[in-house]
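[1] pasting the structure only:
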């Protein structure tokens, strides 16, 4: 069995060896994600409780996919351009 | 990316947002016509969230088919409605009510679409990744092949069989984490913990071997 064609060997190495950051469970990510998305949209500095969110979203693409959708929905409701915040979502 | 329609009734100031949140909670908890109306508006909001999530998952949507996608959206909104009403007492007002409510619909829709899209697919658990580029440039070859070889060895020698199986299924075969959890009778938290620990082990081993390991990361991994 080999990797899907669109996943290059270099990308596989990157995925396997990326910095996992501080531990945060997917459940805790879900608990915090609405607040985190609004902090990112406001370009505010995440507090200590949200500090592990960027690393978790970097390492868990399912949570990241859902967080990005939530950010887009919240941005539309608030009339905010989501593009800059989307870039900050994973980077923190 | 699919564009999300704006909720024009949404408040824009912090004060009016807080008042609107109070209104939502009060209306959803006080029996009467206002509650019935709030329930209808909440369900519409959750449908919108679920539909938007599904609209962003084009590959999985295509695998499922249009009729089933609509079922996923409606099921997700219904499940999210139950979740929101069941957890209403835990809403602390630390985000807008609508953002808090949307997340339940987004989660339900994403999990259900991933599950349906993979319902007839085998989950590969014995991936053996090719870690060297087929046609590397001289620089890529010099810099990458040695690291790739070290990673290949580390996967086999540093990771437990369970860590190896989970990491390769999630990162190489791109099995969605919810799907893998369901097939293995576990949950998303447990699988992500396994992946987190596996990455830590690989990085420690590579660092001890003298390979640079960047402390910052970007991109999206466990699907």
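    Looks like it came in fine. What you see is a predicted model, and the numbers here were worked out from it, not measured in a lab. Residues are numbered from 1 along each chain as shown, chains lettered A, B, ... in the order given.

[2] only C-alpha atoms from now on, for both contacts and neighbour counts.
    Will do.

[3] please name the residues that touch the spatially most central residue of chain A.
    Most central in chain A under Cα atoms, centre = their mean is residue A:57, positioned 3.1 Å from the mean C-alpha point. By Cα atoms under 8 Å, 6 or more residues apart in numbering or on different chains, the contact set of residue A:57 is A:63, A:64, A:89, A:90, B:220.

[4] quick check: buried residues in stretch B:31-48?
    B:35, B:38, B:39, B:42, B:43, B:45, B:46, B:47, B:48 (16 or more other Cα atoms under 10 Å in any protein chain shown).

[5] ok, stretch B:85-95 next?
    B:85, B:88, B:95.

[6] look at the last one and report its pLDDT.
    Per-residue confidence (pLDDT) for residue B:95: 95.

[7] hang on, it packs against residue A:35?
    Yes. Using Cα atoms under 8 Å, residue B:95 is in contact with residue A:35, at 5.2 Å.

[8] give me the subset of the buried residues of stretch B:85-95 that also touch chain A.
    Counting by Cα under 8 Å from any Cα of the partner chain, residue B:95 from these sit close to chain A.

[9] so which of the buried residues of stretch B:85-95 belong to helices?
    Judged by DSSP state H, helices contain the following of these: residue B:85.

[10] quick one: which of the buried residues of stretch B:85-95 is nearest chain A?
    Nearest to chain A, judged by Cα to the nearest Cα, of the buried residues of stretch B:85-95 is residue B:95 at 5.2 Å.

[11] how close does that closest one sit to residue B:180?
    31 Å (Cα to Cα, to the nearest Å).

[12] just residue A:87 next, same as before
    As for residue A:87, its distance to residue B:180 is 28 Å (criterion: Cα to Cα).

[13] of the two, who's got more company?
    residue B:180 (24 against 12; other Cα atoms under 10 Å in any protein chain shown).

[14] ends of stretch B:183-190, how far apart?
    Chord length of stretch B:183-190, first to last residue, is 13 Å (Cα to Cα).

[15] buried ones in it?
    Buried residues in stretch B:183-190 (16+ other Cα under 10 Å): B:187, B:188, B:189.

[16] those in helices, which ones?
    B:188, B:189.

[17] can you lay out the buried residues of stretch B:183-190 as a markdown table showing pLDDT and distance to chain A?
    As requested, the buried residues of stretch B:183-190 are exported to a markdown table (pLDDT from 0 to 100; distance: Cα to the nearest Cα, whole Å):
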| residue | pLDDT | distance to chain A |
| --- | --- | --- |
| B:187 | 97 | 10 |
| B:188 | 97 | 7 |
| B:189 | 97 | 5 |
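
[18] of the buried residues of stretch B:183-190, just say which sits nearest to residue B:65.
    Within the buried residues of stretch B:183-190, proximity to residue B:65 (Cα to Cα) peaks at residue B:188, which comes in at 25.7 Å.

[19] can you pull the contacts of the closest one?
    Residue B:188 is in contact with A:26, B:177, B:178, B:181, counting by Cα under 8 Å, 6+ apart.

[20] following element in sequence after the helix or strand harbouring residue B:81, please.
    Assigned by DSSP states H and E, residue B:81 belongs to helix B:66-86. Downstream of helix B:66-86, the first helix or strand assigned by DSSP H and E is helix B:97-117.

[21] other SSEs contacting that following helix?
    The criterion is 3 or more Cα pairs under 8 Å, 6 or more residues apart in numbering or on different chains; DSSP states H and E, and the helices and strands that helix B:97-117 contacts are helix A:26-41, helix A:61-78, helix B:14-29, helix B:33-55, helix B:58-64, helix B:66-86, helix B:177-184.
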